[in-house]
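*Asks:* Show me how the following folds:
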Amino acid sequence: MCLDNTTFNSLIPDELVSTYGIPSYNEEGELDEVLHPTFKELGLHNLQKFGAVPVVTIESDDYHIVELEVSWRQGETSALLKLGEGKPYPCNTLMSNSEAIKFILENTSDEI
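*Replies:* The predicted structure is shown next:
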């Protein structure tokens, strides 16, 4: 998912908390609560699973590529697609892995 800065720093939609909420455990290792994260916090939580969240800057706008496991069946895809409604590409665009890789490569300089 290619998220603009505002969305990346905002809470995930309520309907996605059951899937992407971050579990918090007490000292006994029992589930204490499920935290409602921002997309940024979710990216940090999933660091070991998916790696770092790449940032692509186009002109002066940052876009964060957040990798997620998404299901049509569970409604996650529909909820994520709503984030991009009425916004120009690439703001809040749901992408396949190959589309995201192409987007990153096309918008990243080879210079270090």
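*Asks:* For the rest of this, base every contact and every neighbour count on C-alpha atoms.
*Replies:* Fine.
*Asks:* burial of Leu42, as a residue count?
*Replies:* Here the neighbour count serves as a burial measure; for Leu42 (other Cα atoms under 10 Å) it reads 21.
*Asks:* so when I look at it, I'm seeing a helix, right?
*Replies:* Yes - assignment of Leu42 by DSSP: H, G, I helix; E, B strand; the rest coil places it within a helix.
*Asks:* That one touches Val17, doesn't it?
*Replies:* No - because the distance of 10.6 Å does not satisfy Cα atoms under 8 Å, Leu42 is recorded as not touching Val17.
*Asks:* Please name the residues that touch the closest residue to Tyr20 other than its chain neighbours.
*Replies:* Across the structure, with Cα to Cα, 6 or more residues apart in numbering as the measure, the residue nearest Tyr20 apart from its sequence neighbours is Leu42 (7.3 Å). Leu42 makes contact with Tyr20, Gly21, Ile22 under the criterion Cα atoms under 8 Å, 6 or more residues apart in numbering.
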